[in-house]
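[1] sequence-free structure coming up:
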DNA sequence: TTAAAAAATGTGTTCGAACACATTTACTTC
DNA sequence: GAAGTAAATGTGTTCGAACACATTTTTTAA
């Protein structure tokens, strides 16, 4: 299983390495005779160029910017930040320079501002969380104009000329939540879907989950599914009324990582008969999962999303690997029992 | 964020690149003065050697052998084989030569034979499935003597001087199965643990799962847990009696990927009230999962185990990365609903 | 037939780290 | 202070691919 080099091939074919190079890269200026000789050798052996050497020769500084919400505003984004840090450590030895920029996830305008700044830096690629539809369309167009590669994570948006997504199928994610809810509630129960702090700006991805959840129960029939949108700060004042108005409420599906807010209320009011399913392994959520106030968490694996998104870009630059148009991660079901196998050591 | 090279550092410190190299690698023969100058620069900047260049210089052929049971005997090993293939494709461009050798998983003697053959090849490393305790101790000792790096996957064995394991915590895996079983069966039920085709030779890893399963129900109390060991070919003849002898049997936990054998029987005899939990995403298992004959599968991720094990070895050889002594993968809970997010596209 | 142009082919350098080897400088000893 | 040795430092080559540039061969036109 010898590794052949260009030089080896040149000797075998009786030509110079320059000619071999021209044949391999189809750069022309090769006689039919020489072409045949080289090709005969290439067909005989299994030539795989040494990617280390190729990449070393092409050594450039590659610059990647990640644009995401500030994790200080919303703990959901903390693992993303860790994923970036890991990628920085991992890839800086290969001449990859990764930076991150935060925007305010409540303000589309800050999203635009940050991207304007990033565009000015003319990086080789941008990995972004496309929370706002209209604004994302705009910035993606700008990046395309400037010939800057764009990749997205967290939520999928159908945007023209924009592939490269890493994340989960949110519709399916909602269905999975529903199937788990069915498993732990009694037949034909009333179930609530609760959206916390999601205004129309960035509600798209929450809507997908809701659709998936409802689609599952529609297929079964006879369950009562109600949706409730609320603001974080009003939960204590209004959730009680909501529950009272829906007597026999058996389960709550919270569409985001803020499920701990609901869990806190449920625990406080001793309503533990109401089963809760939500998203993500925040410390607060883990606490209630271990107390069996939250019954299942669905793991969106935000850290892996970012890390994988960056890995695709890096391998594209270094080794010319193709970036998958859509990379959908597994949707992990987390219980109090398998939880710690998902946490870092 | 400029990338510094040895040459850059040499210029900044006013010495030659040879001296810089000696300082960085602590190879001595450097005057205190020169040492100080170079160190001053190194402290100032963040020097990360270009791993591509380093690895290119050290270019050797690295040879890795994977030793595992033949997947034609037991479909569980098929994904492992796929993982090997993927690693071959991925890493051959870096001068890594990966081979695989199969042994008969019923015959410890064939395990020894194959390893004898592999030892004769003097590879740089061996990744193996340590199914047989006694025999593994022996071959690992042989590899250590020959200075061949050893890494293990699938099941953990406590062997002296042998680290480098990729797999899952099997005890915990049993506990998780138990917690799911509890969720879908009625209180204080009778539950069976079924081991198929596991003789004492390689029963160690199955025992761990059983222990974990029992430990969970012990903590709760009042459930009746019975164990049944059987041979694949006798299931049709004997399982009926076993079930009859345990009236009120509510659930079956099959400790291996052969759970489809039990599911076939249960479906056939229309005993669908008995809930089944087992292991791994074999086609047959998937079929019964989708029919809701099997209720949960636990995903051992054999493909990832092998691929990751190989990745650790490769990165160790190419970039001098440390190999984790123990790499425990998440224990995924698979239902009919989230199944396809775990399958390849 | 010969000069000029075009095509084909070969040679040499670069990327950055690692290390062998050559050269210079410092230190002993008589 | 000179000769000899040890220590320190600098130079040059290598890994394999890529490509610029130099050289050779073939083709074309006068």
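    Perfect, I can see it now. Only a predicted model underlies this, so the values are computations on that prediction, with no experimental measurement involved.

[2] what does chain A have sitting close to DNA strand C?
    A:15-19, A:22, A:28-31, A:33-35, A:53, A:56-57, A:59 (CB under 7 Å from any atom of the strand). Yep, even glycine has a C-beta here, placed from its N, CA and C like the rest.

[3] look up the closest residue to the closest residue to chain B within the stretch 51-200 of chain A, ignoring the ones flanking it.
    Residue of the stretch 51-200 of chain A nearest chain B, by CB to the nearest CB: residue A:179 (4.0 Å). The spatial neighbour of residue A:179 that comes closest, neighbours along the chain excluded (CB to CB, 6 or more residues apart in numbering or on different chains), is residue B:337 at 4.0 Å.

[4] burial of that neighbour, as a residue count?
    Residue B:337 has 23 neighbouring residues, counting by other CB atoms under 10 Å in any protein chain shown.

[5] in this structure residue A:156 contacts residue A:165, no?
    Yes. Between residue A:156 and residue A:165 there is a contact at 5.3 Å, judged by CB atoms under 8 Å.

[6] okay, and the common contacts of the two?
    Residues touching both residue A:156 and residue A:165 (CB atoms under 8 Å, 6 or more residues apart in numbering or on different chains) are residue A:326.

[7] mind listing residues that contact stretch A:183-190?
    Counting by CB under 8 Å, 6+ apart, A:191, A:222-226, A:246, A:248-251, A:275, A:295-296, B:183-184 sit against stretch A:183-190.

[8] and stretch A:18-31, by the same measure?
    A:6, A:9, A:10, A:13, A:34, A:35, A:38, A:39, A:42, A:47, A:49.

[9] mind checking pLDDT for the spatially closest residue to the last one that is not a sequence neighbour?
    Closest residue to residue A:49 apart from its sequence neighbours, by CB to CB, 6+ apart: residue B:93 at 6.8 Å. The model reports residue B:93 with a pLDDT of 92.

[10] correct me if wrong, but residue B:93 is in a strand.
    No. Counting by DSSP: H, G, I helix; E, B strand; the rest coil, residue B:93 is not found in a strand; it is helix.

[11] pretty sure it is touching residue A:46, no?
    No. Look at residue B:93 against residue A:46 with CB under 8 Å: they stay out of range, at 10.9 Å.

[12] of those two, who's got more company?
    Ranked by neighbour count (other CB under 10 Å), residue B:93 and residue A:46 place residue B:93 first, with 15 against 11.

[13] show me what contacts that one?
    Each residue near residue B:93 by CB under 8 Å, 6+ apart is listed here: A:48, A:49, A:50, A:51, A:319.

[14] likewise for residue A:104?
    Residue A:104 is in contact with A:69, A:70, A:73, A:110, A:111, counting by CB under 8 Å, 6+ apart.

[15] now, of those residues, which are buried?
    A:69, A:110, A:111 (16 or more other CB atoms under 10 Å in any protein chain shown).

[16] which strand residues bridge the first one?
    Partner residues in beta bridges with residue A:69, using DSSP bridges, are residue A:103.

[17] which residues touch it?
    Residue A:69 makes contacts with A:77, A:102, A:103, A:104, A:105, A:129, A:131, as judged by CB under 8 Å, 6+ apart.

[18] out of the residues you listed, who's nearest DNA strand C?
    Distance to DNA strand C, by CB to the nearest atom of the strand, is smallest for residue A:102 among the contacts of residue A:69, at 31.2 Å.

[19] buried only: go through the residues of chain A next to DNA strand C for me.
    Buried subset of these (neighbour count, 16+ other CB under 10 Å): A:15, A:19, A:22, A:30, A:34, A:35, A:53, A:56.

[20] in the stretch 1-150 of chain A, which spans are helices?
    A:6-13, A:17-24, A:32-44, A:51-57, A:78-91, A:108-121, A:133-145 (DSSP state H, counting those that start in this stretch).

[21] run through who's touching the fourth one.
    Okay, so that is helix A:51-57. Helix A:51-57 is contacted by residues A:94, A:318-319, B:50, B:52-53, B:55-56, B:59, B:93-95, B:318 when judged by CB under 8 Å, 6+ apart.

[22] show me the shaky parts of chain A.
    A:1, A:200-202, A:345 (pLDDT under 70).
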